[in-house]
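**Q** next come a sequence and a model predicted from it.
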Amino acid sequence: MDLEKTPVERPAPQAQAEGCLAVAIRIPVRIVVLVLVLPVRMVWDALVVGGRFLRDYALRPVGRALAWVAWALFVWPCVTVWRYVVVPVAKAAGWLAYVLVVAPLVWIYRSVLTPIGHAVAWLARGIGAGIGWVLRGIGAGIGWVLRGIGAGIGWVYAWVLTPVGHAVAWLGRGVGMVLAAVGTGLYTTVAWLVRHLFVVPGVWLYEWVLAPVGRGIAWTVRGLGWLVRMIFTGIGLACYWTLRVLLVLPALAVWRWVLVPVGRVLAVIGREVGTALGHAWRVAGYISLAVGRFLGRLFRWIFVEPVRWVYQAVLTPVGHAVRDTVLRPAAEAARSVGRVTRQALAAARESARQARADFRRMLFGTPGEPEPVPREPAPAALVGSGREPGADETRTLGRSKTALTKD
């Protein structure tokens, strides 16, 4: 019994079927677009090649030359002026400012102002201490006087003002009770009069006159509002159905049955035109590349190869022959003339030097030769110590004291 299920092969998803309209307009559109795009692509490729040639062999060298000229005319003078004029002048001005202004000010601050400030601070501290001592004495005297005045005022408050205040408070409470009784009676009387003269008639007038009249007015206003609302509702429904029948339904029908199919057709055409443009642009690129290679090879066959053959087969042998028969002998002759000229100039300089020496001997005589100075022998102490070699131990060409050549 087979317990494993065999996998079911699923059909490969098929590409979305295209409509007959797309298939019908694809080939003519691609042919027409290729015919229209091919000249544009060839002109574009020619402009690209010309632009690259112009950029590499005209604009870039001109730009480099202009950059070098701008550097030589603007940057290098500014850098030179900054490096050899502005910076030294600024350093010299800074050194002069330091020597003439900063150093004297620092010396004055350290040697003059700081001691004077310390002395003034010491005097201010002394004067402040004296003034504080005097103010503390004055404050103590004033405090003693104020304490005495406060004790007197406390005695007056305790034995005079307090009894008088208690008496005034007792009299005030009595007068207040009398006035409260009189005020309560007046308030009760006025409240009874206001209630029976104003409140009760006003409540009766509101309940039996104003409220019924207000309810009737409110019912009338609600009825008028309902009537107006129904009238406007009918007018709105009439306008709605009129606009729907006259405008919306025709516009919907035009959109559904005219614009949407036309839009779909235009979308298919636009998609096919865009695809055809891309395909035609690529095909035109291949065609333009082939045409460019053909023209380049044709230009090479017509101009480059003949010029190259003329250079290799005609100009190079002629140049070698001219070099071997004309230029090299001319160069040898020029070198020989140069050697003869240099020898002649050397002989002339030697003759002039001899003439000057003869003229000098004729005027001043022959100069005497310097006499040789005899060498003094070395002291015996140096000879015995080995620091100065003696006459017998002097090195000669036949005798040597080195470790490699001694006997």
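**A** All right, it came through fine. Numbers count the residues shown, from 1 in each chain.

**Q** only C-alpha atoms for contact and neighbour calcs from this point on.
**A** Noted.

**Q** what's the local residue count around W281?
**A** Using other CA atoms under 10 Å, W281 has 19 neighbouring residues.

**Q** is it within a helix or a strand, and which one?
**A** For W281, the host element (DSSP states H and E) is helix 260-299.

**Q** what's the next secondary structure element after that helix?
**A** From helix 260-299 onward toward the C-terminus, using DSSP H and E, the following helix or strand is helix 305-310.

**Q** residue ranges with poor pLDDT in the stretch 201-350 of the chain?
**A** Flagging of the stretch 201-350 of the chain using pLDDT under 70 yields an empty set of residue ranges.

**Q** sorry, back to before: name the residues of the helix holding W281 that are buried.
**A** Neighbour-count burial for helix 260-299, counted by 16 or more other CA atoms under 10 Å, picks out 268-269, 272-273, 276-278, 280-285, 288, 292.

**Q** quick check, nearest of those to Y84?
**A** Using CA to CA, the shortest approach to Y84 within these belongs to G292, at 57.1 Å.

**Q** next up, the contacts around the closest one.
**A** The contact partners of G292, taken as CA atoms under 8 Å, 6 or more residues apart in numbering, number zero.

**Q** circling back: biggest separation within the buried residues of helix 260-299, which pair?
**A** V268 and G292 (35.0 Å).

**Q** so T366, which of the three states?
**A** Look at T366: counting by DSSP: H, G, I helix; E, B strand; the rest coil, its state is coil.

**Q** so how many other residues sit close to it?
**A** 11.

**Q** quick one on the thing from earlier: from the buried residues of helix 260-299, pick the one nearest W133.
**A** The closest of the buried residues of helix 260-299 to W133 turns out to be G278 (CA to CA; 105.3 Å).

**Q** what's the separation between the closest one and Q354?
**A** Computed as CA to CA, to the nearest Å, the G278 to Q354 distance reads 95 Å.

**Q** could you do G51 as well?
**A** As judged by CA to CA, G51 and Q354 stand 73 Å apart.

**Q** ok, now H279?
**A** The gap separating H279 from Q354 is 96 Å, by CA to CA.

**Q** in the chain, which spans are strands?
**A** Using DSSP state E, no strands are found in the chain.

**Q** centre-most residue in it?
**A** When CA atoms, centre = their mean is applied to the chain, the residue found nearest the centroid is V75 (23.6 Å).

**Q** against E305, how distant is that one?
**A** Counting by CA to CA - V75 and E305 are separated by 47 Å.

**Q** same check on P104?
**A** To E305, P104 is 86 Å away according to CA to CA.

**Q** enumerate every residue touching S351.
**A** Per CA under 8 Å, 6+ apart, neighbours of S351: none.

**Q** next one, pLDDT for it please.
**A** Note on S351: pLDDT of 88.

**Q** separation between A124 and G132?
**A** Per CA to CA, A124 is found 12 Å from G132.

**Q** ignore the last one, A119
**A** 20 Å.

**Q** ditto for A352
**A** According to CA to CA, A352 and G132 sit 107 Å apart.

**Q** now do R83
**A** Taking CA to CA, one finds R83 at 65 Å from G132.

**Q** likewise for A330?
**A** Distance of A330 to G132, given as CA to CA: 115 Å.

**Q** could you do G278 as well?
**A** According to CA to CA, G278 stands 102 Å off from G132.

**Q** and G214, by the same measure?
**A** 88 Å.

**Q** before we move on, what about R342?
**A** Distance from R342 to G132, by CA to CA: 108 Å.

**Q** any idea which helix is longest in this protein?
**A** The single longest helix within the chain, with elements called by DSSP state H, is helix 114-156.

**Q** give me the mean pLDDT for that helix.
**A** The model assigns helix 114-156 a mean pLDDT of 85.

**Q** packing partners of that helix?
**A** If you count contacts as 3 or more CA pairs under 8 Å, 6 or more residues apart in numbering; DSSP states H and E, helix 114-156 packs onto no helix or strand.

**Q** which stretches of the stretch 101-250 of the chain form helices?
**A** If DSSP state H, counting those that start in this stretch is used as the criterion, the helices of the stretch 101-250 of the chain fall at 103-108, 114-156, 162-194, 200-205, 211-243, 249-254.

**Q** quick one: the third one to helix 114-156, angle?
**A** Read that as helix 162-194. If you take axes from the mean of the first three to the mean of the last three CA atoms, to 10 degrees, helix 162-194 sits at 80 degrees to helix 114-156.

**Q** use 3 as the first number for this chain going forward.
**A** Shifting the count to begin at 3 puts that one at helix 164-196.

**Q** what is the burial count for V39?
**A** Neighbourhood size, V39 [other CA under 10 Å]: 21.

**Q** so it makes contact with V285?
**A** No - here V39 does not reach V285: they are 9.5 Å apart, not a contact under CA atoms under 8 Å.

**Q** so how many other residues sit close to R330?
**A** Per other CA under 10 Å, the neighbour tally for R330 reads 12.

**Q** likewise V64?
**A** Residues lying near V64 (other CA under 10 Å) number 13.
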